[in-house]
Structure formats: C-alpha cells, structure tokens
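> for reference, the sequence and a predicted model appear below.
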Amino acid sequence: MKKDLIDVVYTWVNGNDPKHYQKRISHLPQSNKLPAGAQKTRFGNVNELYYSLFSIFTFAPFVNKIYIITDGQKPELEGIFSAWFPKRKKDVEIIDHQEIFEGYETHLPTFNSRTIESMLWRIKGLAEKFVYFNDDMFLVRPIKKEDWFIGDTPVLRGKKTLAPFFHIFWQHIQLQLNSNAQIRPSYHLGQFNAAKVAGFQKTYFVFSHTPHPILKEDAKAFLELPKKIIDQQLQFKFRHYSQFNFLSYCYHLALQKNRNPIAPLALSYLQPAKRNKNYIENKLMRCENKEEIKFMCVQSLDLCSKTEQNKVLDWLYKRCLFHLEKNSPIE
C-alpha cells in the first residue's frame with residue numbers, strides 16, 4: 001500500500017561547478033569576513049553521493065523512490081545503474097529548487113541547507129514517510145524498514161537533554177558586545193532553536209548525523225507557523241545562527257505526541273581531515289566489527305588527500321560489492 005512506502009530525499013550540490021561557484025560568491029556580503037555558513041567545504045564534492053546511493057540500493061532495497069534536490073545541477077550516477085541496478089534508474093529523480101520553493105521563489109537562489117531542508121517535503125509525489133540523507137551519509141550493513149519507522153512512527157536516534165544554557169548565555173553576551181557578531185550556527189544551537197519553535201523551553205532532543213526519518217504530516221506544519229518565523233527561516237542565503245534545524249523541528253513535533261521510540265545512534269562518525277595515521281583504518285575496522293553499527297557519516301572528505309578519500313570510498317564500495325555478490329545483485 002502507498003502509505004507503507006518509504007522514499008529517500010537528498011540535498012546535493014557540486015561546489016566545484018564553476019557556474020555554481022560564481023553564483024555563490026555573487027551573493028556573499030561585501031566584507032572581508034566570510035559568513036559562518038559559507039565555508040568552501042560546505043559545498044565540497046568528491047562524488048560521495050554515488051557511494052551513498054550505492055549503499056542504499058545494496059542495504060535498503062525496500063526504499064521506493066529517491067529524490068535528489070539540486071540547484072540546476074545533475075550528478076553523474078549512470079555507473080550505478082548500468083553495472084548493478086538497471087531497474088532502479090527510473091526510481092531516482094532530480095528535483096530543482098524551483099519546485100520545492102514554488103510560491104516562495106523570492107528566496108532563491110539559496111546556498112543554505114537549513115533553508116532548503118525546510119522546504120524539501122514539498123516534492124510532488126513524495127511518500128508520507130521519507131528519510132532525509134546528506135550525501136556524506138552511508139549505510140554499512142543491511143537494514144529493515146523498522147530501523148526508520150515502526151508503523152507510522154519515526155524512530156528517533158539521539159537523547160533528551162537540558163537546554164544548552166551556556167551557549168545561549170554566551171550568544172547573548174556576544175550580541176550585547178557587538179550586534180553584528182559572527183555567531184557560529186552550530187548543530188546543537190540549531191536543534192535547540194527548533195525545540196523552542198515547537199514549544200520546548202528547558203529540554204530538547206539531540207540527534208547526530210544519521211539518516212533522518214520524517215513524517216510529511218509533521219513537516220507540513222512548517223508553513224502553518226507565523227509568517228514572521230517562516231520568513232526568518234527562509235531569508236538567509238547562507239546558514240545563520242538564528243535559524244532552526246528543520247529536522248529537529250519535525251522530531252520535536254513528533255515527541256509532543258508521546259509516541260516515538262528512541263533508539264541508539266548505530267553510527268560511526270568520521271572527521272578524517274588532519275587526523276593521525278591510523279584514524280581512518282580504525283574507524284572502518286570498527287564499522288566492520290561492530291554489528292550494531294548501521295550508518296556511517298564522513299564529514300568534509302573534500303579536505304582529505306586523494307589517498308585518504310580513496311581509503312573511505314573504496315572500502316564502502318567493496319563492502320557493497322561483497323554483499324551483492326554474496327546475496328546476488330538487487331534490481
């Protein structure tokens with residue numbers, strides 16, 4: 001039945017594309033200080049999307065459709081289909097920002113993941129249950145639908161904790177001293193901002209870089225917020241400290257219904273740039289040896305050497321191939 005379908009949604013950018021680069025820098029503020037959300041690595045691309053998709057087709061064949069949201073770009077994915085998954089080509093669609101920002105085109109172009117994520121649920125035909133991926137997220141072993149949804153309930157991976165009062169206090173001091181202060185739009189601050197919008201004040205739910213299961217009914221609530229909050233969320237070309245993490249907003253709406261199971265992260269998180277000699281090998285070995293690890297996130301792989309990049313991507317590719325050859329290719 002259609003209500004049991006699970007789609008996957010990516011946001012993707014190739015920051016190496018000269019056309020996109022020129023568009024991006026043309027919207028930078030006229031100052032010598034780069035905005036906190038405009039660092040080059042946020043738009044880096046070493047073809048991680050190819051390997052992330054390969055891992056989904058290999059380890060989560062139940063996924064229905066995969067949508068890739070881009071700004072007038074098209075990723076090179078043909079090799080996945082021609083070699084292993086020819087029947088899945090029709091299940092992957094490229095979605096332009098113009099579609100999800102229909103009626104809100106004045107906010108385009110945008111280079112801000114928090115802005116884009118707030119509108120990704122507006123893909124036409126998107127299933128009621130979907131999972132949001134970044135292209136640096138990968139599956140490392142077979143998973144079941146129940147790893148993401150139990151019935152109609154998203155499985156949350158993280159923990160409830162007290163509000164980040166120190167960070168809030170420090171932010172207040174910075175703004176008191178300088179109203180134009182560059183405050184880092186941190187992952188935790190974005191999640192707490194989301195909790196506040198959803199009605200939480202003293203506690204919030206903290207999650208990490210795993211794939212994010214979302215119910216469209218929760219996501220739709222964004223456009224039911226006051227216009228002032230919607231405009232604040234969509235107006236910034238680059239990530240800003242005052243914005244909230246949209247995925248966290250959806251999770252806090254779900255938690256209000258008191259029906260969400262909270263599961264372990266099941267994650268291996270890598271930040272391999274400028275690490276010691278055996279950092280990558282040890283992380284990958286941990287993925288292999290610990291059966292409870294289902295997801296892997298590799299941040300800023302573009303900052304690594306080509307040798308280091310290949311260590312990660314070759315390992316993932318071989319792991320997928322081993323599973324396919326052992327279980328026969330999945331079409």
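The structure has been received and is ready for your questions. Numbers count the residues shown, from 1 in each chain.

> okay, CA-based contacts and neighbour counts for the rest of this
Fine.

> C-terminal to the least confident helix or strand in the chain by mean pLDDT, what's the next element?
Sorting the helices and strands of the chain by mean pLDDT, DSSP states H and E puts helix 165-177 at the bottom, at a mean of 74. Counting by DSSP states H and E, the next helix or strand C-terminal to helix 165-177 is helix 187-197.

> and the strands in this structure, which stretches?
Counting by DSSP state E, residue ranges of the strands within the chain are 6-11, 66-70, 92-96, 129-133, 137-139, 149-150, 153-154, 156-162, 203-207, 212-215, 262-263, 267-270, 295-298.

> buried deepest among those strands, which one?
Neighbour counts (mean count of other Cα atoms under 10 Å) averaged over each of the strands of the chain peak at strand 137-139, with a mean of 26.

> and that one, how far from the chain's centre?
Strand 137-139 has its C-alpha centroid displaced from the chain centroid by 11 Å (Cα atoms, centre = their mean, to the nearest Å).

> for it, what is the average pLDDT?
Mean pLDDT, strand 137-139: 98.

> so which elements touch it?
For strand 137-139, the contact count by 3 or more Cα pairs under 8 Å, 6 or more residues apart in numbering; DSSP states H and E identifies helix 48-59, strand 295-298 as packing neighbours.

> looking at those, which is nearest to residue 279?
strand 295-298 (12.3 Å; Cα to Cα).

> what angle sits between the least confident helix or strand of the chain and helix 187-197?
What separates the directions of helix 165-177 and helix 187-197 is an angle of 90 degrees, with axes from the mean of the first three to the mean of the last three Cα atoms, to 10 degrees.

> would TSV of the helices and strands packed on strand 137-139 with distance to residue 23 and mean pLDDT be doable?
Output for the helices and strands packed on strand 137-139, formatted as TSV (distance: least, Cα to Cα, whole Å; pLDDT from 0 to 100):
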stretch	distance to residue 23	mean pLDDT
helix 48-59	22	97
strand 295-298	27	98
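
> make TSV out of the ones you listed and add distance to residue 247.
TSV is the format used below for the helices and strands packed on strand 137-139 (distance: least, Cα to Cα, whole Å):
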stretch	distance to residue 247
helix 48-59	20
strand 295-298	17
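
> ok, back up a step: pull out the buried positions in the least confident helix or strand of the chain.
In terms of neighbour count (16 or more other Cα atoms under 10 Å), helix 165-177 has its buried residues at residue 171.

> equivalent analysis for stretch 217-228, please.
218-219, 222.

> and what of stretch 275-286?
Of the residues in stretch 275-286, those scored as buried under the neighbour-count criterion (16+ other Cα under 10 Å) are 280, 283-284.

> sorry, back to before: which of the buried residues of stretch 217-228 sits closest to residue 56?
Taking Cα to Cα as the measure, residue 56 sits nearest to residue 219 out of the buried residues of stretch 217-228, at 22.9 Å.

> my guess is the closest one contacts residue 250. True?
Yes - applying Cα atoms under 8 Å as the test, residue 219 and residue 250 come out as touching, 5.8 Å apart.
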